[in-house]
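In: my questions concern the predicted model and sequence given below.
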Amino acid sequence: KETDTDMYYTVIAEAGESQIMPGQKTKTWGYNQPLLGKTIIFKRGKNIHVTVKNELSELTTYHWHGLNVPGDIDGGCHTPVYPGESKVLNFKCDQPAATLWLHAHPCPSTAEQVWHGLATAVVVKDEHEASLPLPRNYGVDDIPLILQDRKFHEDNQWDYHADYDPDGVQGPTAMINGTVNPYFDVTTQKVRFRILDGANRREWRLHFSDNLSFTQIAGDGSLLEHPVKFTHLMLTCAERAEIVVDFSNYKPGDEVTLYSDDVPIVHFRIHEFAKDDSTLPDKLFKLNAPEITPDTPVHKIIMSGMDEEVAINDKKFNMQRIDSKQTLGSCEIWEITNSNDCDGGMIHPYHMHGCQFQVLSRNGKAPYPNETGLKDTIAVDPNETVKIKVWFDHTGVFMYHCHIIEHEDGGMMAQIEVQ
Ligand code: C2O
Ligand code: CU
Ligand code: CU
């Protein structure tokens with residue numbers, strides 16, 4: 001329901017069964033449906049009211065990944081919703097247009113609940129984005145792609161515990177929007193894809209058949225300052241990229257394929273479409289971050305280890321312990337180091353709740369051209385230090401952690417109190 005000033009939603013976490021593979025249905029979890037959920041759309045400036053309800057047999061939380069909201073709305077480990085319980089979340093949506101997501105976050109079973117299917121896309125709309133010539137006809141030329149992977153065991157069931165790996169659970173089968181081997185009917189020359197790496201551990205190295213190039217227009221928390229053209233794009237866990245693909249070189253009957261490495265993950269069937277000569281704007285977004293001065297405090301974070309040894313600044317997560325503090329509106333530089341070494345060390349996708357940050361540098365060099373907008377998750381390579389600028393618009397306790405979800409559950413997480 002929507003009025004001029006308010007928007008109302010109900011989000012029910014429930015268990016069900018989904019026809020993903022031929023044959024037996026898979027036992028799955030989702031929001032208002034058996035697996036994943038419909039995209040939730042918020043409009044900037046509106047008062048949002050979400051009734052969250054838990055119909056599962058265990059506690060869960062509703063974490064709005066990327067949303068700038070107070071700590072008690074954010075849905076981290078401190079806000080459980082018990083089986084049978086419901087809660088109303090009231091907040092104002094006030095941040096730039098972006099693709100965010102909702103997922104479960106009970107510590108330490110975030111990874112298992114997300115694996116069961118508790119994740120869905122959240123889109124924030126605003127007037128600035130609406131004024132730009134970009135595809136935004138949802139379901140026609142504006143399509144979410146939630147990339148996940150699963151292993152199907154006997155009778156097509158998932159078995160999180162059998163597949164458990166402290167460095168992140170993976171499966172050999174790509175699951176896109178809860179489906180395997182999907183195709184999409186292309187009926188417009190340009191299509192915008194809002195891609196989310198919703199996997200527990202997997203990185204996706206995306207490219208199209210024929211080396212078709214595409215243009216990235218947005219990252220995690222906003223449009224990019226300028227569009228960037230690529231043929232290959234890597235996403236680590238929880239990162240988002242909005243891309244626009246121009247299919248003008250194809251004719252009805254052609255097929256284009258999206259791959260991750262050499263695995264085909266989505267097929268695009270080209271249909272008749274009208275010619276579209278519009279060009280993407282060269283300026284998409286202006287990031288307004290607070291200034292830094294020589295006195296801006298520098299906060300150092302070291303993500304270390306692999307498997308059960310993972311830690312942040314040599315500590316494992318403790319819900320009772322506040323690891324850092326920052327005042328509302330103040331700006332700090334955070335230096336995030338991955339102390340794994342390059343041989344076989346893992347990338348840790350570093351994520352912060354309750355804020356969107358600006359990427360300043362990678363090992364002292366400029367960030368990548370698709371890191372010019374706001375971000376909430378950033379890949380930190382082995383032996384790399386990434387500097388980011390961090391400020392908060394709301395008070396509360398917020399977690400920050402590696403978004404390989406098993407690393408997070410394994411203790412590679414800490415929390416900040418913003419006052
Ligand atoms: Cu995607 Cu702590 O979250
Ligand atoms: Cu988050
Ligand atoms: Cu990690």
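Out: Perfect, thanks for sending it. Residues are numbered from 1 along each chain as shown. Ligands and ions are numbered 1, 2, ... in the order given.

In: going forward, measure contacts and count neighbours with C-alpha atoms only.
Out: OK.

In: count the neighbours of the residue of the stretch 301-419 of the chain found nearest ligand 3 for me.
Out: Ligand 3 sits closest to residue 348 of the stretch 301-419 of the chain, with a gap of 3.9 Å, by CA to the ion. The tally of other residues near residue 348 (other CA atoms under 10 Å) stands at 29.

In: one more: residue 166?
Out: Neighbours of residue 166 under the rule other CA under 10 Å: 18.

In: from residue 115, how far off is it?
Out: Using CA to CA, to the nearest Å, one obtains 14 Å as the distance from residue 166 to residue 115.

In: go on, residue 164?
Out: 11 Å.

In: the two: who's more crowded?
Out: Between residue 164 and residue 115, counted using other CA under 10 Å, residue 115 has the larger neighbour count: 25 against 13.

In: would you verify that the more buried one is located in a helix?
Out: Yes - assessed by DSSP: H, G, I helix; E, B strand; the rest coil, residue 115 belongs to a helix.

In: ok, whatever residue of the stretch 51-200 of the chain ends up closest to ligand 2 - contacts?
Out: Per CA to the ion, residue 65 is where the stretch 51-200 of the chain lies closest to ligand 2, at 3.7 Å. Neighbour list for residue 65: 74, 100, 101, 102, 103, 353 [criterion: CA atoms under 8 Å, 6 or more residues apart in numbering].

In: which residue packs closest to the residue positioned nearest the centre of the chain, ignoring adjacent ones?
Out: Centroid-nearest residue in the chain: residue 238, 3.5 Å away (criterion: CA atoms, centre = their mean). The spatial neighbour of residue 238 that comes closest, neighbours along the chain excluded (CA to CA, 6 or more residues apart in numbering), is residue 197 at 5.0 Å.

In: tell me what the residue of the stretch 51-200 of the chain closest to ligand 2 is bridged to.
Out: Judged by DSSP bridges, the bridge partners of residue 65 are residue 101.

In: check residue 184 too.
Out: In beta-bridge terms (that is, DSSP bridges), residue 184 pairs with residue 268.

In: that one contacts residue 271, doesn't it?
Out: No - counting by CA atoms under 8 Å, residue 184 stays clear of residue 271, with 10.3 Å between them.

In: which parts of the stretch 1-150 of the chain sit against ligand 2?
Out: Residues of the stretch 1-150 of the chain lying close to ligand 2 by CA under 5 Å from the ion are residue 65.

In: the helices in the stretch 101-250 of the chain, which residues?
Out: Under the criterion DSSP state H, counting those that start in this stretch, helices of the stretch 101-250 of the chain are mapped to 110-116, 127-130.

In: okay, those, which one's buried deepest?
Out: helix 110-116 (a mean of 23; mean count of other CA atoms under 10 Å).

In: which other residues reach that helix?
Out: The contact list for helix 110-116, computed with CA under 8 Å, 6+ apart, reads 28-30, 35, 103-105, 158, 160, 199-200, 405-406, 409.

In: repeat for stretch 159-173
Out: Stretch 159-173 has contacts (CA under 8 Å, 6+ apart) with 112, 115, 149-153, 180, 199-202, 306-308, 404-407, 410.

In: cutoff 6 Å now
Out: Applying CA atoms under 6 Å, 6 or more residues apart in numbering, the external contacts of stretch 159-173 come out as 149, 150, 151, 200, 201, 307, 406.

In: isn't residue 273 right next to residue 187, touching?
Out: Yes - judged on CA atoms under 6 Å, residue 273 makes contact with residue 187 at a distance of 5.2 Å.

In: ok, back up a step: any chance of the helices of the stretch 101-250 of the chain in CSV with mean pLDDT as columns?
Out: Listed next are these as CSV, based on pLDDT from 0 to 100:
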stretch, mean pLDDT
helix 110-116, 98
helix 127-130, 98
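
In: ligand 3 is nearest to which of these?
Out: Comparing those by CA to the ion, helix 110-116 comes nearest, at 12.6 Å.

In: one step back: what subset of the contacts of stretch 159-173 is buried?
Out: Neighbour counting by 16 or more other CA atoms under 10 Å classes 149, 150, 151, 200, 201, 406 among the contacts of stretch 159-173 as buried.
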